[in-house]
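**Student:** Everything below, folded, please.
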Amino acid sequence: MNARELAQRVVDRMFDNDPFSQWLGIERLEDGPGISVLRMVVRDEMLNGFAIAHGGIAYSLADSALAFASNGHGIQAVSIETSISHVRPVRVGDILSTMVEERSLTRSTGLYYVTVHNHLGEPVAHFRGTVHRTGKPWFPQEEE
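**Tutor:** Coordinates of the predicted model:
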């Protein structure tokens, strides 16, 4: 199996067991090692008291992209530090998408930048995440 097929299998397993990402309505457009392009539509129940999307919505979308991209190498990875800057308001009906940039990958860590864009192509949030790579393969039985 090639690297992209492995990433697809890993993300399939993760997504199938991720009710929160499913509740968000995330659509996976591209999976790969260090790659995750996601899309979702902002719904009424995602708004805060200012009638804009709760900051946790863009954060959660970016966090899912981080998880899928960093685990796409076939080694289990968990976030150890994340941060986000919100640069534009997000409104109901907006279609958000992610662009992941894998900045650094070592045996034990990975550094990722995720930009969340709206349907107009405007950045609405910049997310930075560091992951710990556990060294445990997603499919160890296939490595024997």
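**Student:** Going by C-alpha atoms from here, please, whenever you check contacts or count neighbours.
**Tutor:** Will do.
**Student:** in the biggest strand by length in the chain, what counts as buried?
**Tutor:** Longest strand in the chain, counting residues (DSSP state E): strand 123-137. For strand 123-137, burial by neighbour count (16 or more other Cα atoms under 10 Å) applies to 123-133, 137.
**Student:** Contacts for it, please.
**Tutor:** With contacts defined as Cα atoms under 8 Å, 6 or more residues apart in numbering, strand 123-137 is touched by 58-59, 62-63, 66, 70, 74-90, 107-118.
**Student:** where does the closest residue to Ala51 other than its chain neighbours fall, helix, sheet strand or coil?
**Tutor:** Leaving aside its chain neighbours, Ala51 sits nearest to Arg91 (7.2 Å; criterion: Cα to Cα, 6 or more residues apart in numbering). Following DSSP: H, G, I helix; E, B strand; the rest coil, the label given to Arg91 is coil.
**Student:** how many neighbours does Arg91 have?
**Tutor:** When neighbours are counted by other Cα atoms under 10 Å, Arg91 registers 19.
**Student:** immediately after the strand or helix carrying Asp31, which helix or strand?
**Tutor:** Using DSSP states H and E, Asp31 sits in strand 27-32. Next along the chain after strand 27-32, taking DSSP H and E as the criterion, comes strand 35-41.
**Student:** Could you export that following strand as PDB, CA atoms only?
**Tutor:** Extracted as PDB, the C-alpha positions of strand 35-41 are listed here (Å, rounded to 0.1, in the frame of the first residue of the first chain):
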ATOM      1  CA  ILE A  35      -2.400  16.700   4.300                       C
ATOM      2  CA  SER A  36      -6.000  17.200   5.200                       C
ATOM      3  CA  VAL A  37      -8.500  19.300   3.200                       C
ATOM      4  CA  LEU A  38     -11.800  19.500   5.000                       C
ATOM      5  CA  ARG A  39     -15.000  21.500   4.400                       C
ATOM      6  CA  MET A  40     -18.100  22.200   6.500                       C
ATOM      7  CA  VAL A  41     -21.100  24.500   6.500                       C
END
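**Student:** Report the angle between the very next helix or strand once past that strand and strand 35-41.
**Tutor:** Later in the chain than strand 35-41, the nearest helix or strand by DSSP H and E is helix 55-71. Interaxial angle of helix 55-71 relative to strand 35-41 (axes from the mean of the first three to the mean of the last three Cα atoms, to 10 degrees): 150 degrees.
**Student:** Please consider this matter closed, and thank you.
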